[in-house]
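[1] below are the sequence and a predicted model; questions follow.
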Amino acid sequence: MLRSIFAKTTPRSNQPKLIRKCLYWSPLPLFCLLHFYEINTVRGGSMKPTLSPDSSAWNDICLFDRYSIHTLHDYNREDIVTLRCPTNPKRIIIKRILAVAGDTVKTRPPCPEPEVKVPRGHVWVEGDESFRSDDSNLYGPIPAALIESKLTRILWPPERYGPLIEPSIPINCTGPAYRHANDAIQRAKARRARVKIGRPYNVDADTY
Amino acid sequence: MCGLHVVNIACAIHLCTEFVWRVSPMEGPSMIPTLGVSGEYVLENRFTPRFFPDRIKRGDLVVLKSPIMPERIVCKRILGLPGDIVCVDPTGEYAPSTEHVVVPRGHMWISGDNAPLSRDSRVYGPVSMSLIESKLLLRIYPNFTIFKNPLTYID
């Protein structure tokens, strides 16, 4: 099959035909990218060191699930999500959800209030290291409608392939690996300590 | 193989309605008298607001995702763009009528045409421009109307 496609492309006269064929069939993959899964590179440092850490030579390439956000509206605390930047519609940012509607969060410096209750339909998102990221501490709670997709697994680099799991210290590990794992545990602990889980808002069926 | 062609064409049509133009039904009392309560069909322009967000003007009718209910889509009119000073509620129902706010960067002030039956920026404040899905161009059914921008500036 591959060889036959290749054989067809080699003569120059057939190249436009192949391009036309690709164009004709492009709606199917585009539809899947739009509504099911999407593969993207994580640039920028806001999720360091969980994604694209300094120790890695590459930017992480990850698989993002759009279906469970757009269709099922299924997101929760601790999920890493991509969202449209609230102040710039063209920018997509990646953050971790700290708190969902109803929760109370202890904020970090740029935020004027010491504690914020997340309003209805909103989420509180933050980067993993505060000094690297513009997040809810700057923008305030973000409408959940801005969430685009949810990270499901890292695809590249191969040594970190797999879904993101709860940080733990691997057996018999010393040196830098131990320090990194320990730091991840401490960060997760500190993050959770700042969130007081509250009751979700009642969903009323009014139609304004 | 024929089935795959059909699916492919269905996907192409879907992408068109998602990114270029779409005819959709409108519902709800918040935009009376511009739009009726039910049974009206309008043509949305989904291309410009998404790819050229700077072309949004005051007075445009936009369709956006509701900031307080993520699964819901609402239609409102834009009153204020970033940097504008807006009176929160001139009737004094939700806030004292003397209260004014500055619309922050990347946000806008939206309002329904039917103030008593609309939940809009008076309730939840300025909303992010990233929530905009489309702009209304015209009503197709029952009375064909082109939505003109009704805004007039007072010097």
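    Looks like it arrived, so ask away. Since the model is a prediction, treat every value here as computed from it, not as a measurement.
[2] make it CA atoms for all contacts and neighbour counts henceforth
    Noted.
[3] who in chain A is up against chain B?
    Residues of chain A found near chain B, taking CA under 8 Å from any CA of the partner chain as the criterion, are A:25, A:27-28, A:31, A:73, A:84-90, A:119-122, A:143-146, A:207-208.
[4] residues from chain B in reach of chain A?
    B:7-9, B:11-12, B:15, B:28-30, B:50-51, B:53, B:65-71, B:105-107, B:117-119, B:128-131.
[5] switch the cut-off to 6 Å
    Chain B has residues B:8, B:11-12, B:28, B:30, B:67-70, B:105-106, B:118-119, B:128, B:130 near chain A, with proximity defined as CA under 6 Å from any CA of the partner chain.
[6] give the PyMOL command for selecting the buried subset of the residues of chain A next to chain B.
    In PyMOL, a selection of the buried entries from the residues of chain A next to chain B looks like this (16 or more other CA atoms under 10 Å in any protein chain shown):
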select buried, chain A and resi 25+27+28+31+84+85+86+87+89+119+120+121+122+143+144+145+146+208
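[7] show me the residues of chain A next to chain B that map onto strands.
    The members of these that map onto strands under DSSP state E are A:84, A:122, A:143.
[8] sheet partners, orientation included, of the longest strand anywhere in chain B?
    Secondary structure of chain B per DSSP E: the longest strand is strand B:132-141. Applying DSSP bridges, strand B:132-141 is found paired with strand B:40-45 (antiparallel), strand B:61-65 (antiparallel), strand B:145-146 (antiparallel).
[9] list the contacts of the residue nearest the centre of chain B.
    Note on chain B: the residue nearest the mean C-alpha position is residue B:62, at 2.0 Å, using CA atoms, centre = their mean. Listed by CA atoms under 6 Å, 6 or more residues apart in numbering or on different chains, the contact set of residue B:62 reads B:75, B:76, B:134, B:135, B:136.
[10] compare those residues and tell me which has the most neighbours.
    Among the contacts of residue B:62, residue B:75 has the most neighbours (other CA atoms under 10 Å in any protein chain shown), with 28 neighbours.
[11] just the pLDDT for it.
    Note on residue B:75: pLDDT of 94.
[12] so it, which of the three states?
    What DSSP: H, G, I helix; E, B strand; the rest coil gives for residue B:75 is strand.
[13] pretty sure it sits against residue B:65.
    No. Residue B:75 is not in contact with residue B:65 according to CA atoms under 6 Å; the separation is 8.7 Å.
[14] do a quick rundown of the helices in chain A.
    Taking DSSP state H as the criterion, chain A carries its helices at A:2-9, A:15-25, A:27-35, A:67-70, A:136-139, A:175-193.
[15] make CSV out of these and add mean pLDDT.
    CSV is the format used below for these (pLDDT from 0 to 100):
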stretch, mean pLDDT
helix A:2-9, 54
helix A:15-25, 91
helix A:27-35, 94
helix A:67-70, 93
helix A:136-139, 92
helix A:175-193, 89
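[16] where in the chain is pLDDT low?
    If you meant another chain, say so; for now it's chain A. By pLDDT under 70, the low-scoring segments of chain A are A:1-13, A:203-208.
[17] nope, chain B please
    Scanning chain B residue by residue, none of them satisfies pLDDT under 70.
[18] and the strands in it, which stretches?
    Under DSSP E, chain B gives strands at B:21-26, B:40-45, B:61-65, B:73-80, B:85-87, B:100-102, B:107-111, B:127-128, B:132-141, B:145-146.
[19] show me what contacts the spatially closest residue to residue A:97 that is not a sequence neighbour?
    Using CA to CA, 6 or more residues apart in numbering or on different chains and skipping the chain neighbours, the partner closest in space to residue A:97 is residue A:125 (4.4 Å). Taking CA under 6 Å, 6+ apart, we find residue A:125 in contact with A:95, A:96, A:97, A:98, A:136.
[20] at 10 Å instead, please
    Neighbouring residues of residue A:125 by CA atoms under 10 Å, 6 or more residues apart in numbering or on different chains: A:77-81, A:83, A:94-100, A:134-137, A:139-142.
[21] also residue A:53?
    A:45, A:47, A:59, A:60.
[22] closest to residue A:180 among those residues?
    Checking those against residue A:180 with CA to CA, the nearest one is residue A:47 at 14.7 Å.
[23] which residue is the nearest non-sequential neighbour of residue B:41?
    residue B:25 (4.4 Å).
[24] ditto for residue A:63
    Excluding its sequence neighbours, the residue lying closest to residue A:63 (CA to CA, 6+ apart) is residue A:39, at 4.7 Å.
[25] so how many other residues sit close to that neighbour?
    Neighbours of residue A:39 under the rule other CA under 10 Å: 15.
[26] residue B:77: how many residues sit nearby?
    As a burial measure, residue B:77 scores 22 neighbours (other CA under 10 Å).
[27] mind listing what residue 64 touches?
    Here I'm looking at chain A. Residue A:64 makes contact with A:33, A:36-40, A:80-82, A:148-154, according to CA under 10 Å, 6+ apart.
[28] wrong one, chain B
    Going by CA under 10 Å, 6+ apart, the list of residues near residue B:64 reads A:145, B:72-76, B:127-135.
[29] and for residue A:38?
    Neighbours of residue A:38 in contact, by CA under 10 Å, 6+ apart: A:30, A:32, A:62, A:63, A:64, A:65, A:66, A:67, A:149, A:150, A:151.
[30] quick one: buried ones out of those residues?
    Judged by 16+ other CA under 10 Å, buried ones among those: A:62, A:63, A:64, A:65, A:66, A:67, A:149, A:150, A:151.
[31] picking up where we left off before, which of the residues of chain B next to chain A are buried?
    If we count by 16+ other CA under 10 Å, the residues of chain B next to chain A have these buried: B:8, B:11-12, B:28, B:30, B:67-70, B:106, B:118-119, B:128, B:130.
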